[in-house]
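Peer 1: Give me coordinates for this.
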Amino acid sequence: MGIGMAALLGALQGVAEFLPISSSGHLSLAQRWLGIDAQAGGHTFNIIVHAGTLLAVLIYYRRDLVQLVGGVWSGDDRARRLALGLILGTLPLAVALVPQVKALLVAGESSPRFVGVCLLVTAALLGFTHRRVVPPSDPDDPNSVPGPLQAVIIGVAQLLAAAPGISRSGATIATALSLGVDRSQSARFSFLLSIPAILGATTVEALALLDEPVVDIPLAAFAVGFVASFVVGMASLRLLLTLLVRVGLLPYVPYLVIVGILAIWLGGN
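Peer 2: Have a look, this model is predicted:
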């Protein structure tokens, strides 16, 4: 893997991880149509670029995380409600670890048509909730945080987003909006929920790496991939939050429709 390929893969991960366009779907299509082998970067490189996007979330929400930990320790109702919601929202992901489910997801990654259909599903989710306007809530109000049942439903949406082409951020934010959570809190909960999701996925990849040989990739490629993923991820995160508050999720719908149709059409050729 050269420096240019490392930068491309890192930037692709940084963009698609946070914008509601599905990182897994875009990486699958890139691997199929741009000649990028599914294992070209190896598990080690995947861990590095995922760590880059995880670092972006940790830095962007560092104050929220500090307040969350301090609030749980001091007995703050809102902090404890948020912590419980994040735990409940993460639990459904355990289903993705079932061997049969994992096999279906891997099979879907090799099918551009399947990815295309999932991209259209994401477009439908974003379009459906675009006009869902919820008045801004008081950020200090415990009720502004998704409740236990809402958190579980959002967690199920995150599980469905394990399918390549269904955006994790898009599915979770759209679901939160449909449940009556305002735009700002929907995005905040979605990205805080991504921390255990990305950390868990990275841990699984790291454990799998122990049973496989290390890929011979220059250290410079690792560094470039990590930096590209982190920098582009920070920009993507800021962009989504800005657009979400101002105009909602609609700007991404036309793009998803175009890419989804092209994937279905070209997937059979």
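
Peer 1: Skipping adjacent residues, who's closest to Phe128 in space?
Peer 2: Using CB to CB, 6 or more residues apart in numbering and skipping residues adjacent in sequence, the residue nearest Phe128 is Ala174, 7.1 Å away. (C-beta placed from N, C-alpha, C; glycine too.)

Peer 1: which secondary structure element contains Ala162?
Peer 2: Under the criterion of DSSP states H and E, Ala162 resides outside all helices and strands.

Peer 1: what about the closest residue to it other than its chain neighbours, neighbour count?
Peer 2: Excluding the flanking residues, the one nearest Ala162 by CB to CB, 6+ apart is Ala96, at 4.6 Å. Burial measure for Ala96: 20 neighbouring residues, criterion other CB atoms under 10 Å.

Peer 1: Report pLDDT for Ala96.
Peer 2: At Ala96 the predicted local distance difference test score is 81.

Peer 1: Helix, strand, or coil at it?
Peer 2: Using DSSP: H, G, I helix; E, B strand; the rest coil as the criterion, the local structure at Ala96 reads helix.

Peer 1: residues touching it, list them.
Peer 2: By CB atoms under 8 Å, 6 or more residues apart in numbering, the contact list for Ala96 reads Lys102, Leu105, Leu159, Ala162.

Peer 1: Widest-spaced pair of those residues?
Peer 2: When those are compared pair by pair using CB to CB, the two farthest from each other are Lys102 and Leu159, 12.3 Å apart.

Peer 1: neighbour count winner among these two?
Peer 2: For the pair Lys102 and Leu159, the greater number of neighbours falls to Leu159 (22 against 14), based on other CB under 10 Å.

Peer 1: any idea whether that one is helix, strand or coil?
Peer 2: Going by three-state DSSP, the secondary structure assigned to Leu159 is helix.

Peer 1: Report the contact partners of the nearest residue to it once chain neighbours are set aside.
Peer 2: Spatially, and ignoring its direct neighbours in sequence, Leu159 is nearest to Pro92 (4.2 Å; CB to CB, 6+ apart). Going by CB under 8 Å, 6+ apart, Pro92 touches Val152, Gly155, Val156, Gln158, Leu159.

Peer 1: Now render those residues as a markdown table, adding distance to Thr202 and pLDDT.
Peer 2: Compiled in a markdown table, those are given as follows (distance: CB to CB, whole Å; pLDDT from 0 to 100):
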| residue | distance to Thr202 | pLDDT |
| --- | --- | --- |
| Val152 | 24 | 95 |
| Gly155 | 19 | 94 |
| Val156 | 22 | 95 |
| Gln158 | 16 | 93 |
| Leu159 | 18 | 92 |
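
Peer 1: Let me have these in JSON lines, extended by distance to Thr129.
Peer 2: Listed next are the contacts of Pro92 as JSON lines, based on distance: CB to CB, whole Å:
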{"residue": "Val152", "distance to Thr129": "18"}
{"residue": "Gly155", "distance to Thr129": "17"}
{"residue": "Val156", "distance to Thr129": "16"}
{"residue": "Gln158", "distance to Thr129": "15"}
{"residue": "Leu159", "distance to Thr129": "18"}
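
Peer 1: for the residues you listed, which one is nearest Ala221?
Peer 2: Gln158 (30.4 Å).

Peer 1: Name the nearest residue to that closest one, ignoring sequence neighbours.
Peer 2: With CB to CB, 6+ apart as the measure, Thr172 is the residue that lies nearest to Gln158, at 5.2 Å, once sequence neighbours are left out.
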